[in-house]
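Trainee: Here's a sequence, model it:
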Amino acid sequence: MNTLTVQDVIDRMVALAPPRLAESWDNVGLMVGHPGRALRGITVALDPTYEAVQAALAQGSNLLITHHPLLFKPPRSLDLRAEPGRTLEALIKADCALYAAHTNLDATAVNQALAASVGVLGTEILHRTGSAPIYKVGVHVPASHVETVSEAAWAAGAGKTEHYERAAYRWETAGTYANAAKTVSNTQEWRLEFMVPSGALKAVRQAIFEVHPYQEPALDVVMMQGDGTPEGFGLVGELPAPIRLADFARHIKTSLALPAVRLVGDPDRMVQRVGWLGGSGGDYWKDALAARVEAYITGELRHHAALDGLAAGLSFIEIGHVGSEQPVVPFLAEYLRAACGPGVPVHALPQVDPFLVI
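Mentor: Sure thing, here's the model as predicted:
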């Protein structure tokens, strides 16, 4: 039986895409709705259009999660006959919440989803904006619950490093405690320690407390010194083998089921080191050049950026704003299915590109 609320899903979204990663001009978070409402279902879409709201309601959802915000700035008036008033009215009348994760999702999932969809790998950040602190979470656990606590912590995001997953440190220890009757007990326990990124800290702590057999688990959190986990926009990676620019573009077009893509550069050029940034990423071409990228994939590219980048030796593959970001919708739906459990229906809504190729 599902007992989750809208706020529970927001917590999971914050763990995936912390709002602090959003650009200063952006508007992310709960746009409309009451976080305390019981959750009936979730629909994920790219844009908060009136049609997306109607589709979510038809699917029985009372939470619509979108990549793009409905409002960037406070409107001076709300005419319910026009946008955004019409969509806001539909949401409020149906008691359907709207949550947006925009540039904060760009920094954590959009480009990973794009890479997975076209079969490329990359962990190097294209445009670095800072770093997130890494924490070490330690907890003492009786031997009977070592695996249970470990699995819960890993599932919540602990133990992931640049090269490994499900990492932990453990060693035998002993504990002593006295109950209300002053009876002293000695226990054999294990000390578990996990490296945890800042975005997953709250979820990991909660997961450990939920499965730990003690009323008051001995848990401590220490911020690690050092550079932390790099944060920023876009990714850079190497293809398994060099490929013609035109053939690589055709592969992307087929993988994303796009009607067309646009090339800047010699179609016969062999490329292997590539970079990508979904959405309006054309202005980051200098970061791609600095990263020794040969072909740069993005959603939108300005004319003069294309000319300047080409003169500097960079090739481009422009795949459209929707084409570059649509992969994050099923990615996000799958994440929420895993995070919320089988009791919550989660739907992924395809986005209709407003631009037609004729």
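Trainee: Is the residue sitting nearest the centre point of the chain in a helix, a strand, or coil?
Mentor: Closest to where the C-alpha atoms of the chain average out (CA atoms, centre = their mean) is residue 109, at 3.4 Å. Classification of residue 109 by DSSP: H, G, I helix; E, B strand; the rest coil places it in helix.
Trainee: Leaving out sequence neighbours, find the closest residue to it.
Mentor: Nearest residue to residue 109, sequence neighbours excluded (CB to CB, 6 or more residues apart in numbering): residue 328, at 5.6 Å. (Each C-beta comes from the backbone N, C-alpha and C, glycine too.)
Trainee: remind me, longest helix of the chain?
Mentor: Longest helix in the chain by number of residues (criterion: DSSP state H): helix 328-340.
Trainee: Specify the next element, helix or strand, located C-terminal of it.
Mentor: Once the chain leaves helix 328-340, the next helix or strand it forms, by DSSP states H and E, is strand 346-348.
Trainee: Give me the contact list for that following strand.
Mentor: 41-44, 56, 59, 61, 329-330, 332-333, 336-337, 340 (CB atoms under 8 Å, 6 or more residues apart in numbering).
Trainee: now with 10 Å?
Mentor: By CB atoms under 10 Å, 6 or more residues apart in numbering, the residues outside strand 346-348 that reach it are 9, 41-46, 55-56, 58-61, 63-65, 326, 328-340.
Trainee: on that earlier part again, state the number of residues packed around the residue nearest to residue 109.
Mentor: Residues lying near residue 328 (other CB atoms under 10 Å) number 27.
Trainee: ok, it - contacts?
Mentor: Residue 328 neighbours (CB under 10 Å, 6+ apart): 44, 46, 67, 101, 105-106, 108-114, 117, 278-279, 335, 348.
Trainee: now do 7 Å
Mentor: Going by CB atoms under 7 Å, 6 or more residues apart in numbering, residue 328 touches 67, 105, 109, 110, 113.
Trainee: now for the lengthiest strand in the chain, which elements pack on it?
Mentor: When the chain is parsed with DSSP state E, its longest strand is strand 229-244. Secondary-structure packing of strand 229-244 (3 or more CB pairs under 7 Å, 6 or more residues apart in numbering; DSSP states H and E): helix 111-118, strand 124-132, strand 270-277.
Trainee: what's the spacing between residue 348 and residue 28?
Mentor: 20 Å (CB to CB, to the nearest Å).
Trainee: returning to what we had before: mean confidence (pLDDT) on the longest strand of the chain, please.
Mentor: Strand 229-244 carries an average pLDDT of 92.
Trainee: Check which residues of it are buried.
Mentor: Neighbour counts over strand 229-244 (16 or more other CB atoms under 10 Å) mark 229, 231, 232, 233, 234, 235, 236, 237, 239, 243 as buried.
Trainee: SS state for residue 174?
Mentor: With three-state DSSP as the basis, residue 174 sits in strand.
Trainee: coming back round to it: comparing residue 348 and residue 28, which residue is more hemmed in?
Mentor: Remark: of residue 348 and residue 28, residue 28 carries more neighbours, 23 against 20, as counted by other CB under 10 Å.
Trainee: Quick check: that one touching residue 106?
Mentor: No: the pair residue 28 / residue 106 is not scored as a contact, 10.4 Å apart, by CB atoms under 7 Å.
Trainee: Okay, helices next: where are they in the chain?
Mentor: For the chain, the helices defined by DSSP H occupy 6-16, 50-58, 85-93, 103-105, 111-118, 146-155, 201-211, 245-255, 285-290, 303-311, 321-325, 328-340.
Trainee: Would you mind giving those as a markdown table with distance to residue 358 added?
Mentor: A markdown table is the format used below for those (distance: least, CB to CB, whole Å):
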| stretch | distance to residue 358 |
| --- | --- |
| helix 6-16 | 38 |
| helix 50-58 | 22 |
| helix 85-93 | 29 |
| helix 103-105 | 32 |
| helix 111-118 | 25 |
| helix 146-155 | 48 |
| helix 201-211 | 47 |
| helix 245-255 | 17 |
| helix 285-290 | 28 |
| helix 303-311 | 21 |
| helix 321-325 | 17 |
| helix 328-340 | 25 |
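Trainee: Identify whichever of these lies nearest to residue 178.
Mentor: For residue 178, the closest of the helices of the chain is helix 201-211, at 22.3 Å, according to CB to CB.
Trainee: can you pull the buried residues of that closest one?
Mentor: Neighbour count says helix 201-211 has 201, 203, 204, 205, 207, 208 buried, by 16+ other CB under 10 Å.
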